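>>> sequence first, then the predicted structure, then my questions.
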Amino acid sequence: MDLKTSLIDLQCEMVAERALVNPQNISWLQYDILYQLEKEGEILPSNLSVILGTSRTKLSKALKALKSFGYIQQLPNKLDGRELYTSITDDGEMLLTDISTNHIVLYQTALKSLTEKEQEEFARLASKLSNSLREERVGNNE
């Protein structure tokens, strides 16, 4: 099997797994927003748009929905009131915890199907590829 096919297959499987563990049926973009907010802390939507590689319009709609669910909060920038700093709420963190708990099946499958050495190599290579994809996306928007 070639690299391209392997990447497409892995992406399809990850999307299927993600759909199984989403108890509140939030969109993938909404999940990614919450995940990034938990990871990054307080962030401006313009920066979040670049990180996630999505348009400001799509991001704005997703943020509005997450705010209505109580999963995020937005506070004005003290220097420029037109900018809103966005952060995750306790309810948003609880939702991510619930989803993460359900991801245990994915983790257990990886533990069973990969040797310890393969797990380390997979983690290293997946991180390297993820970082490269993010750097390329962010670099193209600067």
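Yep, it's here.
>>> strands of this protein, start to end?
72-76, 84-88 (DSSP state E).
>>> pick the most deeply packed of the ones you listed.
Among these, judged by mean count of other Cβ atoms under 10 Å, the one packed with the most neighbours on average is strand 84-88 (a mean of 19). All C-beta spots, glycine's among them, are computed from the backbone N, C-alpha and C.
>>> got the CA positions of that one in PDB?
Extracted in PDB, the C-alpha atoms of strand 84-88 (Å, rounded to 0.1, in the frame of the first residue of the first chain):
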ATOM      1  CA  LEU A  84     -13.200  39.000  21.100                       C
ATOM      2  CA  TYR A  85     -10.900  36.700  23.000                       C
ATOM      3  CA  THR A  86     -12.500  33.300  22.900                       C
ATOM      4  CA  SER A  87     -11.900  30.600  25.600                       C
ATOM      5  CA  ILE A  88     -13.500  27.300  26.600                       C
END
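>>> other residues contacting the helix ranked longest in the chain?
Longest helix of the chain, by residue count under DSSP state H: helix 116-140. Residues outside helix 116-140 that contact it (Cβ atoms under 8 Å, 6 or more residues apart in numbering) are V50, I51, G53, A110, L111, L114.
>>> let's see that with 10 Å instead.
L7, L10, N47, V50, I51, L52, G53, A110, L111, S113, L114, T115 (Cβ atoms under 10 Å, 6 or more residues apart in numbering).
>>> for the most centrally placed residue in the chain, give me its contacts.
The geometric centre of the chain, computed from its C-alpha atoms, lies nearest to D32 (Cα atoms, centre = their mean), at 2.8 Å. The contact partners of D32, taken as Cβ under 10 Å, 6+ apart, are R18, I26, L48, I51, L52, G53, T54, A62.
>>> tell me which two in these are the farthest apart.
R18 and L48 (19.1 Å; Cβ to Cβ).
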